[in-house]
Each structure stands twice: as C-alpha cells, then as structure tokens.
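Undergrad: structure for the following, please:
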Amino acid sequence: MEIKVLGTGCPKCKKLEQKTREAVDAAGIEANISKVEDITKIMAYGIMKTPGLVINEEVVFSGRIPSEKELNELLTKNQ
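TA: All right, here's what the predicted structure looks like:
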C-alpha cells in the first residue's frame, strides 16, 4: 500500500502523518508512507485544503484530521 500525507507542514498535517503511521502499525498493514509538502504536487491531487490523505494514488479525504475509527476503516478498505 502506498500512502501519502499531503500538507505544507502545519500542525494538523504533522498530526495526520503521526496518526496515519500509528494506525498502520497498529493494524499490521505493510505500507510505504510519505509526506508531500510541495504545494504544486499537493494541488496536482486537486486538494484545496490540507491536510489530505492519498492511498494508492486516490485522494480519500482532505481538509481535516479523520477520527481514529474513520482512519482505520480507510486503511482496511484500501488494503
């Protein structure tokens, strides 16, 4: 699984990256997680508000930090 956290480095973006890494570890999912901070690359995904989460090149949400339950469901569904 390929996961990208989209964000310019704000506290919410950092929190999403942390929560995503914790959720992946807790679920035992094998994934490559990267942080995309380049605004041009973020805009290429059609994201207008950060943070955003991309799983396997599909934007699954943006503009907020999901709940732990919601994040776990997204990871499991897209595994």
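Undergrad: so which helix or strand takes in V60?
TA: Using DSSP states H and E, V60 maps to strand 58-62.
Undergrad: and what of E17?
TA: helix 11-27.
Undergrad: next helix or strand past that helix?
TA: Downstream of helix 11-27 (by DSSP H and E), the next one is strand 32-36.
Undergrad: picking that back up, which residues touch the helix holding E17?
TA: By CB atoms under 8 Å, 6 or more residues apart in numbering, the list of residues contacting helix 11-27 from outside reads 3, 5-7, 31, 33, 35, 37, 50-51, 53, 64-66, 68, 71-72, 75-76. Placement of C-beta: from N, CA and C, glycine included.
Undergrad: what's the answer for stretch 67-79, then?
TA: Against stretch 67-79 from outside (CB under 8 Å, 6+ apart): 1, 19-20, 23-24, 26-27, 29, 31, 53, 55-56, 58, 60-61, 66.
Undergrad: which SS class is the residue nearest the centre of the chain?
TA: In the chain, the residue lying closest to the centroid (CA atoms, centre = their mean) is L53, at 2.8 Å. Assigned by DSSP: H, G, I helix; E, B strand; the rest coil, the conformation of L53 is strand.
Undergrad: shouldn't it be in contact with G7?
TA: No - look at L53 against G7 with CB atoms under 8 Å: they stay out of range, at 9.5 Å.
Undergrad: doesn't L6 make contact with S34?
TA: No - if you go by CB under 8 Å, S34 and L6 don't touch, sitting 9.9 Å apart.
Undergrad: those two: which has the busier surroundings?
TA: Using other CB atoms under 10 Å as the criterion, S34 and L6 rank with L6 on top: 27 against 12.
Undergrad: give me the neighbour count for the closest residue to the more buried one other than its chain neighbours.
TA: Nearest residue to L6 in three dimensions, chain neighbours excluded: G52, at 3.7 Å (CB to CB, 6 or more residues apart in numbering). Close neighbours of G52, defined as other CB under 10 Å, add up to 23.
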